[in-house]
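Q: Next one to model:
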Amino acid sequence: MARILIVDDEEMERALERAILEKAGHDLLFAADGEVALKLCREEDVELVVTDLAMPDFNGLRFIKELREAGLTMPLIAVSGWAVDQLDLALEYGADLSLMKPVEAPELLKAVDTALQRSDSGRRDPWHRERG
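A: Predicted coordinates:
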């Protein structure tokens, strides 16, 4: 199973995703904002990120952009409960998949499996850098 970082400022959302992903056997890390999440991605062996977009201060879009600009290419699933256009922008910034809240367990598990499979076969780089 994978080591997954869940990024969401709402504790209830983190708890919901935790229940779903731990039951599936994944090892989880948590962050309540993009700044902490970016630090964890740099310091820990994160294999996949699931991030909310609507967070105060250091939001999900900024997190995705800075993550990709830093050359970190782990798969990323963007989640939002209110802004479909923001989900489209998240994909442009480098998210691999997007989901609307509320996220159901089968939907999240399928997205995680899909993102991890894409990671195994190589992922696109929205900033068009050379792969090393």
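Q: where does this protein have low pLDDT?
A: Residue ranges of the chain with pLDDT under 70: 121-132.
Q: Now for residue 38: which residues touch it?
A: Applying C-beta atoms under 8 Å, 6 or more residues apart in numbering to residue 38 gives the contacts 58, 63, 66-67, 70. C-betas here are computed from N, CA, C, even on glycine.
Q: just checking, it is part of a helix?
A: Yes - under DSSP: H, G, I helix; E, B strand; the rest coil, residue 38 falls within a helix.
Q: So it versus residue 83, what's the distance?
A: For residue 38, the distance to residue 83 equals 21 Å [C-beta to C-beta, to the nearest Å].
Q: Could you do residue 46 as well?
A: Between residue 46 and residue 83 the computed distance is 25 Å (C-beta to C-beta).
Q: Just want to know which of these two has more residues nearby.
A: residue 46 (20 against 14; other C-beta atoms under 10 Å).
Q: How about that one, nearest residue that isn't a chain neighbour?
A: residue 5 (4.7 Å; C-beta to C-beta, 6 or more residues apart in numbering).
Q: Can you pull the phi/psi pair for that neighbour?
A: phi -100, psi 120 (degrees, to the nearest 10).
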